[in-house]
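Chemist: Test case, fold it:
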Amino acid sequence: MKRSIFVLAAGMLVYMFCPASAGASGGSPSASLSSVEPAPVYRFWSPVLGTHCYTIQETEKTKLLSQYAQLWTYEGIAFRAFPSHTVDNLAPVHRFWSTSLRSHFYTVDEVEKDKLIRDYPEVWTYEGVAFYAYAAGQPPAGTMPVYRFWSGSLGAHFYTTSDTERFKLVSSYAGVWAYEAAAWYAYPPQAVTSVTFIAGPCVQWIASDSATVMWQTDVPAESVVHYGIGTPEAFAVSDPTAATLHRLALTGLDPNVVYTYRASSGPASQTGTFSTAPPADQSLRFVVYGDTRTDVQVHRKISAAIGASGASLVFHTGDLVSSGRDYGLWGMEFFEPAGGLMQSTPLVPVPGNHEYGGVGPLWFFYFFDRPLNEAWFAMTYGNIRFLGLDTNLDYAAGSPQHNWLVQEFQSASYRDATWHVVIFHHPPFTCTLGHSDDTTVRSQLVPLFEQYGVDVVFSGHSHAYERYSNNGIPYIVTGGGGGPLYELPVDTVPPIRQFGLSTYHYCVVDVDPAAGTFTMAAIDLNGQTFDTLKLSQPQ
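Modeler: Predicted structure coming up:
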């Protein structure tokens, strides 16, 4: 029965997409569809054939829906292109069908088209021009790339304009789908009339001369950031490509300056501020907090308090959301309660174990500017060298993360800094009813911290506040950002906890280069300081 359905499908495809109907000589699919406005290109999926089909013709769409519903499932408008060559700089998108592979192939590359026709006629049948779009190079503003993937195991190509769909394939299905390139450029599925910010804008990276601004919109649109000192009108950086995830780097900035910026996509815009990193001889304030998952109200209150603290930089020790593979939680548990904070203060997180929880893509790497599965980072801010680690992944000797860490410890940037701070999720020292010491971190990372002169270590995971000291290095557990609090039993395993409190909190750090001091205050939801730590460097 399945074979008879396949034969029917193959025959139907030959009928529908044969050169006579599709324009094998490179002509228009249908002269009556000629228009200077882009038309919708419809996407269908066949669970029987295991492939997608794209058509710009209304008659073909109707035929698939009415006569071949048992073979093709309509998925919606993929993008908008042109049914004929009525606009300058358009290129034909050629369509092929392979009976042996049971899949379509689309290409705007004339060399690729000619090669298939000439060298692989037994595999690929040329069906003509499917529609017209823009080749890579200089596509018009407002168009978006159509990403092309190839699966050797499935013998099929896949095309998408969706940022999230592209990320799913790259992060979760790399063993099945290999990204090839942007096949062509087309317009978003619907003309942009209104745009809504659904995340951000957020300042994600900061240096003395640069900053990165990220935001997400509900529909694809262009990206623009205007910025300046006092008003956002002096400079601008933009990307004309339509997207839903927007990320722009602002460069050539002055150090220790407050900038105002305005992020825009279509008619929507939002403003914010940020301070570039100060020189090494200037005082600064930063905040560390973590484990914000679960209780959105607590996270919102803590974010507001941090925003009012005057800190110019924030670090997060992980567990931003309850399940990092659940796309919907990122807005509800993180970007909404922390939105006001991140709009004017750079926030740099490390992933916790909950960022890896659930089923699906690792959305942490979608929202934050890190290579997939390489969440570790190094940055200099003032006279401090910050190192962030991902203790969910391998950090044993010989691993990529370990090699990177040792290289950082031996770098000039690390040696030249006055203070050295390491941030990660799983604490080497903790004693709560939720967690105890992470013995792997103790055995593999703590000796490195002692060898290379780390000054302070921050971690999370235990939903409480704890302060330890081990061989002269303070270890701060700050996991009170919104997760359910853990009780603190009596600590009997050395090093013994010096101070602990089960309360929602955040840690404010003031660094004064002139005095040579590093002063931390742990602050609760009522704004009360309940623990302090002061370190001094020889003058």
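
Chemist: In which helix or strand does residue 402 reside?
Modeler: helix 400-409 (DSSP states H and E).

Chemist: for that helix, the distance to its chain's centre please.
Modeler: Taking C-alpha atoms, centre = their mean, to the nearest Å, one finds helix 400-409 lying 23 Å from the centre of the chain it belongs to.

Chemist: Buried residues, that helix. List them.
Modeler: For helix 400-409, burial by neighbour count (16 or more other C-beta atoms under 10 Å) applies to 401, 402, 404, 405, 408, 409. Glycine gets a C-beta too; all of them are placed from N, C-alpha and C.

Chemist: so how many other residues sit close to the residue nearest to residue 380 when sequence neighbours are not counted?
Modeler: Distance criterion C-beta to C-beta, 6 or more residues apart in numbering; nearest residue to residue 380, sequence neighbours excluded, is residue 413 at 5.7 Å. Residue 413 has 11 neighbours, counted by other C-beta atoms under 10 Å.

Chemist: what's the following helix or strand after the host helix or strand of residue 413?
Modeler: Per DSSP H and E, residue 413 falls inside helix 412-416. Remark: after helix 412-416, the chain's next helix or strand is strand 419-423, criterion DSSP H and E.

Chemist: and that next one, which residues are buried?
Modeler: For strand 419-423, a neighbour-count test (16+ other C-beta under 10 Å) marks 419, 420, 421, 422, 423 as buried.

Chemist: Provide the secondary structure category for the residue nearest the centre of the chain.
Modeler: The structure's the chain has its C-alpha centroid closest to residue 366; by C-alpha atoms, centre = their mean the separation is 1.9 Å. State at residue 366, reduced to three classes by DSSP: H, G, I helix; E, B strand; the rest coil: helix.

Chemist: And the helices in the stretch 151-300 of the chain?
Modeler: Assigned by DSSP state H, counting those that start in this stretch, the helices in the stretch 151-300 of the chain fall at 163-172, 296-307.

Chemist: Quick check: which of those helices is nearest to residue 370?
Modeler: Comparison of the helices of the stretch 151-300 of the chain against residue 370 by C-beta to C-beta identifies helix 163-172 as nearest, at 11.8 Å.

Chemist: Dump that closest one to CSV, keeping only the CA atoms.
Modeler: The C-alpha coordinates for helix 163-172 follow below in CSV (Å, rounded to 0.1, in the frame of the first residue of the first chain):
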residue,chain,number,x,y,z
ASP,A,163,15.7,31.8,13.3
THR,A,164,14.4,29.4,15.9
GLU,A,165,14.0,26.5,13.4
ARG,A,166,17.5,27.1,12.1
PHE,A,167,18.8,26.9,15.7
LYS,A,168,16.9,23.8,16.4
LEU,A,169,18.6,22.0,13.5
VAL,A,170,22.0,23.3,14.4
SER,A,171,21.8,22.5,18.1
SER,A,172,19.6,19.4,18.4
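
Chemist: All further residue positions should be reported with the first residue as 11.
Modeler: Renumbered: residue one is now 11, and that last one reads helix 173-182.

Chemist: can you list contacts of it?
Modeler: 157, 159, 168, 170, 186-187, 189, 253-255, 337, 370-373, 375-376, 382 (C-beta atoms under 8 Å, 6 or more residues apart in numbering).

Chemist: Is there a quick ChimeraX command that grabs whichever of the residues you listed are buried?
Modeler: The ChimeraX selection below is limited to those of the contacts of helix 173-182 classed as buried (16+ other C-beta under 10 Å):
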select :157,159,168,170,187,253,254,255,337,371,372,373,375,376
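
Chemist: Which of the contacts of helix 173-182 fall in strands?
Modeler: In strands, defined here by DSSP state E, the members of the contacts of helix 173-182 are 157, 159, 168, 170, 189, 253, 254, 255.

Chemist: quick one, what contacts the third one?
Modeler: This means residue 168. Counting by C-beta under 8 Å, 6+ apart, residue 168 touches 62, 158, 159, 160, 161, 179, 187.

Chemist: Verify the contact between the fourth one and residue 191 for me.
Modeler: Just to be clear, that refers to residue 160. No: using C-beta atoms under 8 Å, residue 160 is not in contact with residue 191, being 10.1 Å away.

Chemist: what does the model give residue 42 for pLDDT?
Modeler: For residue 42, the pLDDT comes out at 37.

Chemist: cool, and residue 165?
Modeler: Among the per-residue scores, residue 165 holds a pLDDT of 86.

Chemist: Could you do residue 364 as well?
Modeler: pLDDT, residue 364: 98.

Chemist: And for residue 24?
Modeler: 42.

Chemist: in stretch 530-542, what's buried?
Modeler: 530, 531, 532, 533, 534, 541.

Chemist: for the record, mean pLDDT for that stretch?
Modeler: Taken as a whole, stretch 530-542 has an average pLDDT of 98.

Chemist: chain center to that stretch: distance?
Modeler: Centre-to-centre, stretch 530-542 and its host chain are 32 Å apart (C-alpha atoms, centre = their mean).

Chemist: Endpoint to endpoint, that stretch covers what distance?
Modeler: Distance across stretch 530-542, first residue to last, is 5 Å (C-alpha to C-alpha, to the nearest Å).

Chemist: okay, the buried residues of helix 410-419 in CSV with distance to residue 104 next?
Modeler: Formatted as CSV, the buried residues of helix 410-419 follow (distance: C-beta to C-beta, whole Å):
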residue, distance to residue 104
411, 45
412, 49
414, 44
415, 49
418, 49
419, 54
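
Chemist: where do the strands sit along the stretch 411-549 of the chain?
Modeler: 429-433, 466-469, 475-480, 483-488, 509-511, 515-522, 527-534, 539-546 (DSSP state E, counting those that start in this stretch).

Chemist: Surely residue 255 is in contact with residue 226?
Modeler: Yes: between residue 255 and residue 226 a contact is recorded at 5.4 Å, counting by C-beta under 8 Å.

Chemist: Find the residues that touch each one of these two.
Modeler: Shared contacts of residue 255 and residue 226 (C-beta under 8 Å, 6+ apart): residue 377.

Chemist: gap between the residue nearest to residue 390 and residue 405?
Modeler: Going from residue 423 to residue 405 by C-beta to C-beta, to the nearest Å gives 20 Å.

Chemist: How about stretch 173-190, which residues are buried there?
Modeler: Buried residues in stretch 173-190, defined by neighbour count with 16+ other C-beta under 10 Å: 173, 176, 177, 178, 179, 180, 181, 187.

Chemist: which one of those residues sits closest to residue 512?
Modeler: The closest of these to residue 512 turns out to be residue 181 (C-beta to C-beta; 35.6 Å).

Chemist: which non-adjacent residue is nearest that closest one?
Modeler: The nearest residue in space to residue 181 (C-beta to C-beta, 6+ apart) is residue 371, at 4.3 Å.

Chemist: Which stretches in the stretch 11-160 of the chain count as helices?
Modeler: In the stretch 11-160 of the chain, the helices defined using DSSP H, counting those that start in this stretch lie at 12-27, 29-32, 68-77, 120-129.

Chemist: ok so, going back, can you name every helix or strand that the helix holding residue 412 contacts?
Modeler: Counting contacts by 3 or more C-beta pairs under 8 Å, 6 or more residues apart in numbering; DSSP states H and E, the secondary-structure elements packed against helix 410-419 are helix 456-461.
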